[in-house]
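> Got a predicted structure here, sequence first:
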Amino acid sequence: MRQTMTALAALLTGTAAMAQDLPQADNEWFTAAQERLQQELAKAPNTNRATNVILMVADGNGVGSNYITRVFSGQQEGGLGDDYVQYHETFPYLALVKTYNVNAQTPDSAGTGTAMMAGVKTNIGIIGVDSDVVRGDCSTLPGNTVASMNEIAHEMGKATGIVSTARITHATPASAYAKTVDRNFEATVPEGCDTQTDIANQLIEAMESGLIDVAMGGGRRNFVDASMEIEEGTTGRREDGRNLIEEAQAELGAHYAWNQESFEAAPTDGTPILGLFESSHMQYEADRGDEPSLAEMTAKAIETLQASGGENGFFLQVESGRVDHANHAGNAGRMVRDGRAFVEAIRVADEMTDDANTLIVVTADHEHAIGLNGYCGRGSNILGLCAEINNEGVETTGEPILADDGKPYTVVGYLNGASSVLLRQPGGEYFGARPDVTEEEATDIDYVQQALIPRSSETHSAEDVAVYAKGPFAHLYEGTIEQNVIFHVMHHALTAE
Amino acid sequence: MHRRHFLTLSAAGALAAPAALRAQAEEPLQLRRLYTDDRDFSETARSLEGDRVLFEGFMAPPLEANSTFFVLTKMPMSVCPFCETESEWPDDILAVYTKRVYRVAPFNRKIHVRGELELGPYRDPDTGFLSMVRAVNATFDYA
């Protein structure tokens, strides 16, 4: 085997000449791969110290979910989908990431957020603390907190921000500023818990201290008392009589935005911005009304942080929070549309910054129990039915493949969730048969792909995610890494001599 | 769903007029068509107010047995609406008040509901559930 490899290496030396001599040298696949080879040979590591770092996380967007969004995007633009290249897939460096939490094979966003933002893996359900903390036990917090990228960047004189389409007090954005023994302490803490405050209060304190300059997302209800009515006819969730939004405006001079108009009115001169665009999570991209897109929020945040940080630069975390939620619902149609919105935010972030001094890291915190069926022909609608391969051409015949039960099936499916094909019977047992499904039904925005195991909500999975990177020290993202290594490369890029 | 199974389900007379439902070839109205992007009532909803309309969706698990009320959702949900706060509940839902006490359908089985469309806020006296859109005097069948 070794001899074979040696001989092959010798043959491949001097690829241009070699290519001319092979019968397949003019094949378009061959020439495209040769071009890619030349790009790889021309790569040069960027070892500048990073002025800016942008961490972009699509929650629940593992390799499988990312693939589905890639094909969807390609098909939306008129192609077959498979060969489409998403913006971040042009980045020069890539690694696979192991996402498990210290005490959980299947991770959650609290443990994974802490790994990426503080450089240590921790337990499921806790944020900004190490694995010595017992979830829900406030007495275990002292002595076990960890510093986040935002805190480190702030100490270096940089501006920092967070943007998410989930509640801004949700696990991933909270990993930028919160230390909590339970991710669910978003608006209140249990009676007798005197070692920490709720997550919303911690965000306002972080803004008051100058740690966070920009915070935009959903979750308005966690900042206002339950007795108070707020925008869009909703009430708060707090139990301390406080209105943190008014406090941020009065004491911090923050610009408060809650809809598209007040978002567009937000200054970009470095004035702190608190954007809370929904009572809970922001809307899915497919349903988005009077609120900004993830790309718009990303652009606004970068402009503000560039003004606020000046020559010292900035750190920004951007989360596409609802890829995860759509997967939890078993609704691939909304998942891919939020996935596309995430890619647009990546493009905006890259176009507004300079590769020479800005490290952009694109990843997911975990994958879902999502899967792909076969054997589908090229051009099978990624949200529709798996259709026959065309042996006399490239594109599928369009004829749905039938399973052994005589019914067609979709390309995408889920292993568990509320869309289980098993139905609860009056005696409590579950059994059933797969419903029939047409292409029209499967491609409806509200369609939920068939799942196997019945659960109230589809789950995460422990499968690897990818990390894509460009800019200073991006080349250190290589191989298969533990998730907490993501932090260490970002930190190295910011501090390299 | 086979006819035989349906008859078993409705043996107590809980489901009304299944034959009439099956005879209809009309397309059921999707719940999202009741609303605009800004969560206001759509023109479709306003034009159908007071009419008997056919909807499709899923029965969220009801809180009480022997009820005449359930929530129809556009996607299957295995939790009851009263176990979650209003803001956690999806936007596109329909409160359904049936003609008679009904038997619960599995939460993940698509159903067709026919009822008179009512618009405007109404708080259910038993559950406290605040609905904005309802189908009343309703019957349902498996899709």
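Here it is on my side, so go on.
> contacts for stretch B:101-112?
Residues from elsewhere that reach stretch B:101-112 (Cβ atoms under 8 Å, 6 or more residues apart in numbering or on different chains): A:418-421, A:423-424, A:435, A:454, B:1, B:9-10, B:12, B:14-15, B:21, B:28, B:54-62, B:65-68, B:70, B:72, B:76-78, B:140-143. Just so you know, the C-beta spots here come from the backbone N, C-alpha and C atoms, and that holds for glycine as well.
> buried subset of these?
Listed as buried from the contacts of stretch B:101-112 are A:418-421, A:423-424, A:435, A:454, B:1, B:9-10, B:14-15, B:21, B:28, B:54-62, B:67-68, B:70, B:72, B:76-78, B:140-142; burial here means 16 or more other Cβ atoms under 10 Å in any protein chain shown.
> Please flag which of the residues you listed sit within strands.
With DSSP state E as the criterion, strands contain A:423-424, A:454, B:54-59, B:70, B:72, B:140-142 from among the buried ones among the contacts of stretch B:101-112.
> For the residues you listed, which two are the farthest from each other?
The most widely separated members of these, counting by Cβ to Cβ, are A:Pro454 and B:Leu54 (27.3 Å).
> Which parts of stretch A:51-71 count as buried, going by neighbours?
Neighbour counts over stretch A:51-71 (16+ other Cβ under 10 Å) mark A:51-62, A:64-71 as buried.
> From A:Ala364, how far off is A:Ile199?
Noted for A:Ile199: a distance of 22 Å to A:Ala364, by Cβ to Cβ, to the nearest Å.
> And A:Thr99, by the same measure?
Counting by Cβ to Cβ - A:Thr99 and A:Ala364 are separated by 8 Å.
> which neighbours do these two share?
In contact with both A:Thr99 and A:Ala364: A:Val465, using Cβ under 8 Å, 6+ apart.
> and whichever strand or helix holds A:Ser73, what does it pack onto?
Assigned by DSSP states H and E, A:Ser73 belongs to helix A:63-76. With contacts taken as 3 or more Cβ pairs under 8 Å, 6 or more residues apart in numbering or on different chains; DSSP states H and E, helix A:63-76 sits against helix A:332-351, strand A:367-368, strand A:370-372, strand A:465-470.
> still on that earlier bit, look at A:Ile199 and A:Ala364 and report which has more neighbours.
Neighbours per residue (other Cβ atoms under 10 Å in any protein chain shown) separate A:Ile199 from A:Ala364, with A:Ile199 holding more: 30 against 27.
> I figured the more buried one hits A:Glu186, correct?
Yes. Assessed by Cβ atoms under 8 Å, A:Ile199 is found in contact with A:Glu186 at 4.8 Å.
> which residues do those two both contact?
A:Thr169, A:Ala174, A:Asn222.
> From chain B, how far off is the first one?
Spelled out, that is A:Thr169. Going from A:Thr169 to chain B by Cβ to the nearest Cβ, to the nearest Å gives 14 Å.
> now the second one
If you measure A:Ala174 against chain B using Cβ to the nearest Cβ, the figure is 18 Å.
> from what I can see that residue touches A:Ile127, true?
Yes. Using Cβ under 8 Å, A:Ala174 makes contact with A:Ile127 at a distance of 5.1 Å.
> Need the overlap of contacts for these two.
Common contacts of A:Ala174 and A:Ile127 (Cβ under 8 Å, 6+ apart): A:Ala110, A:Gly113, A:Thr180, A:Arg183, A:Ile199.
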